[in-house]
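Peer 1: Fold the following for me, if possible:
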Amino acid sequence: MPGRKSRHYRDESDPLLGAYSSSVQPSSASNVDNGVEADINHASPLKKSIRFLTSGDTPPQKKKKKRGYRVHRVSYTAKNHVQVLLRMNASAFPQVFPFVVANVFWTFCVVYLKQQGIADLTFHSSVGHSFMGLLVSFLIVSRSKISYDRFMDFRRHLAASYRACRELAQATAVYTYQTQTENAAWWRQQVCFRTILLLRVTMDALLWSSTKREAWEDEYFKFNREQDGEDIDDDGSDVSVHFFNVRKLSHGRRSMIDENFRAPVSFAHLLKQIIMEHPHYLGYKMPVNEYRDLVGFVTTFVDAFHSFRVLVFTPYPFPLVQMTRAFLFFWVYTLPMVLLKDYRVWSSVLIVVLVSFGFIGIEYVSMALDDPFGDDANDVDEHGMALLVYEDIYLTIYRTDGPAAAMSLRDRVLSRYRQGRELDCYRDDLKGHDIWEAPEWWFDTR
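Peer 2: Sure, this is the predicted structure:
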């Protein structure tokens, strides 16, 4: 939901995601390199005992077991009617219940006013209310159908982006695995590392757009003296002149949402550039169809990202939402005034409960489907599924260049996580030099 802090930024049970916390400081090489501590924490009790017996160290006191991050999924058995009806997790029932109680209370208020002779609020004819019911039904069903289609579009584009990253890493390894040199292994790792950063910054941008809607229009290039230093790098600051030049290139004020959704485009360009630098690292130029495939996978990812942009920046039309909500609440809360004219009190209450539950419940389902990113139970765990992609890429490097290369890549990703969210890392990159300036060897080839 907008404005809520996502679970992905508060779960400190896993060393990888725990790095998001501002209280986590970059660790030294002695307890970070090669993920030794993480491996020990997840090792079996027997292996831990053997390690400490052989090393002569004192075994640590038994602490509360910390589990690694698990991908969040909503699973249920469709054939189990009891489970489906009584389960509250990921259900719309708790959100709808207050509206039902309010309508029941309003029903008894109408009855009391009529019995006491204070006011008769019941309708003498139900024809108009019945026609309005048809209109409300059409609006509610149409809205739920459109919201469901948008939700599935989000999911399809997520699958396309994950697939593109996996295919890019595997194709890079397959096309060049016969070149077993140090430079070739570094190039493969660099392609995979940049692929992971591209996926991560995209997932961060999508999550940020959902959980930080109140900050969408904040100015991005507003100078922060504490974060950006006292002055530009000529006076000793860590902020390069490129950061200020980027601001000068803009045609107007750029908001946080504008620049955060520019980050994946910039990272995709860097990844394509690294792919085309392969002759320097491999010692030969790849066949055109092979490096075209690699660039094509990046293009596939960018296509999925631009589809995300369309869905994020083109929400369900507000006037239609407003009219649907207005007609819905007016119709639902005038229902007791119609029913009490022809039905007994308890019959009217029962109908009010069922109708309110159904119509308002469907509206809440549509609201949940409108925004699939965030912290709700029904939201997509885009970061959790991205972690699975990272692991697939590690395995690809493991098979091609060995375990040392795979662990080195994993450590580079962990180091990036310790710096904070990828959007924050992207801002740090803008303030640096590496992404703006060509490598030194490039000038020697000109």
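Peer 1: OK, contacts around Asp258?
Peer 2: Neighbouring residues of Asp258 by C-beta atoms under 8 Å, 6 or more residues apart in numbering: Tyr220. C-beta here means a position set from N, CA and C on the backbone, and glycine is covered the same way.
Peer 1: Actually, Gly283.
Peer 2: 179, 181, 183-184.
Peer 1: mean confidence score for the strand or helix carrying Ser266?
Peer 2: Assigned by DSSP states H and E, Ser266 belongs to helix 263-276. Averaging pLDDT along helix 263-276 gives 92.
Peer 1: top of the contacts of Gly283 by neighbour count?
Peer 2: Most neighbours among these, by other C-beta atoms under 10 Å: Ala184, with 19 neighbours.
Peer 1: ok, how many other residues are close to the nearest residue in space to it that is not next to it in sequence?
Peer 2: Residue nearest to Ala184 in three dimensions, not counting chain neighbours: Leu282, with 5.3 Å by C-beta to C-beta, 6 or more residues apart in numbering. For Leu282, the neighbour count with other C-beta under 10 Å is 17.
Peer 1: and if you look at Val174?
Peer 2: 13.
Peer 1: wait, is it part of a helix?
Peer 2: Yes. The assignment for Val174 is a helix, going by DSSP: H, G, I helix; E, B strand; the rest coil.
Peer 1: Identify the residues contacting it.
Peer 2: Val174 neighbours (C-beta under 8 Å, 6+ apart): none.
Peer 1: picking up where we left off before, mind listing what's buried in the helix or strand just after the helix holding Ser266?
Peer 2: Where DSSP H and E defines the elements, the next helix or strand beyond helix 263-276 is helix 278-282. Going by neighbour count (16 or more other C-beta atoms under 10 Å), the buried part of helix 278-282 is 278, 281-282.
Peer 1: do stretch 118-126 as well
Peer 2: Buried-residue list, stretch 118-126, by 16+ other C-beta under 10 Å: 122-123, 126.
Peer 1: Over to stretch 266-275?
Peer 2: 266-268, 271-272, 274-275.
Peer 1: who touches that stretch?
Peer 2: Residues contacting stretch 266-275 (C-beta under 8 Å, 6+ apart): 172, 187, 190-191, 194-195, 197-198, 201, 291, 294-295, 298, 301-302, 305, 426, 435.
Peer 1: ok, back up a step: looking at the buried residues of stretch 118-126, spot the one nearest Met407.
Peer 2: Ser126 (72.1 Å; C-beta to C-beta).
Peer 1: can you give me phi and psi for that closest one?
Peer 2: phi -100, psi 10 (degrees, to the nearest 10).
Peer 1: hang on, the earlier thing: now render the buried residues of stretch 266-275 as a markdown table, adding distance to Pro336.
Peer 2: As requested, those are arranged in a markdown table below (distance: C-beta to C-beta, whole Å):
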| residue | distance to Pro336 |
| --- | --- |
| Ser266 | 57 |
| Phe267 | 56 |
| Ala268 | 57 |
| Leu271 | 61 |
| Lys272 | 63 |
| Ile274 | 66 |
| Ile275 | 66 |
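Peer 1: Name the helix or strand of the protein that has the lowest mean pLDDT.
Peer 2: Using mean pLDDT, DSSP states H and E, helix 36-41 stands out as the lowest-scoring helix or strand of the chain, at a mean of 38.
Peer 1: tell me which residues in stretch 416-432 are buried?
Peer 2: 416-418, 420-423, 425-427, 429-432.
Peer 1: Ok, stretch 367-379 next?
Peer 2: So, applying 16+ other C-beta under 10 Å, buried residues of stretch 367-379: 367-376, 378-379.
Peer 1: Can you tell me which of those lies closest to Tyr390?
Peer 2: Taking C-beta to C-beta as the measure, Tyr390 sits nearest to Phe373 out of these, at 18.6 Å.
Peer 1: quick one: secondary structure of the residue lying farthest from the centre of the chain?
Peer 2: What lies farthest from the middle of the chain is Gly117; by C-alpha atoms, centre = their mean that is 56.7 Å. Following three-state DSSP, the label given to Gly117 is coil.
Peer 1: Over to it: give its phi and psi.
Peer 2: In terms of degrees, to the nearest 10, the main-chain angles of Gly117 are phi 70, psi 20.
Peer 1: likewise Tyr220?
Peer 2: Dihedral angles for Tyr220 - degrees, to the nearest 10 - are phi -80, psi -40.
Peer 1: if I read this right, it contacts Glu259, doesn't it?
Peer 2: Yes. Counting by C-beta atoms under 8 Å, Tyr220 touches Glu259, with 4.1 Å between them.
Peer 1: Can you give me the neighbour number for Tyr112?
Peer 2: Counted with other C-beta under 10 Å, residues neighbouring Tyr112 total 11.
Peer 1: Use 865 as the first number from now on
Peer 2: Taking 865 as the first residue, the last one we looked at is Tyr976.
Peer 1: quick one: contacts for it?
Peer 2: So Tyr976 contacts Ile982 (C-beta under 8 Å, 6+ apart).
Peer 1: Mind listing what's buried along the host helix or strand of it?
Peer 2: In the assignment (DSSP H and E), Tyr976 maps to helix 957-979. Applying a neighbour-count criterion of 16+ other C-beta under 10 Å, the buried positions in helix 957-979 are 960, 963-964, 967-968, 970-971, 974-975, 978.
Peer 1: cool, and stretch 1063-1070?
Peer 2: 1063-1070.
Peer 1: In TSV, list these along with secondary structure and distance to Phe1002.
Peer 2: Putting the buried residues of stretch 1063-1070 into TSV (DSSP: H, G, I helix; E, B strand; the rest coil; distance: C-beta to C-beta, whole Å) gives the following:
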residue	secondary structure	distance to Phe1002
Leu1063	helix	40
Arg1064	helix	42
Val1065	helix	41
Thr1066	helix	37
Met1067	helix	36
Asp1068	helix	39
Ala1069	helix	35
Leu1070	helix	32
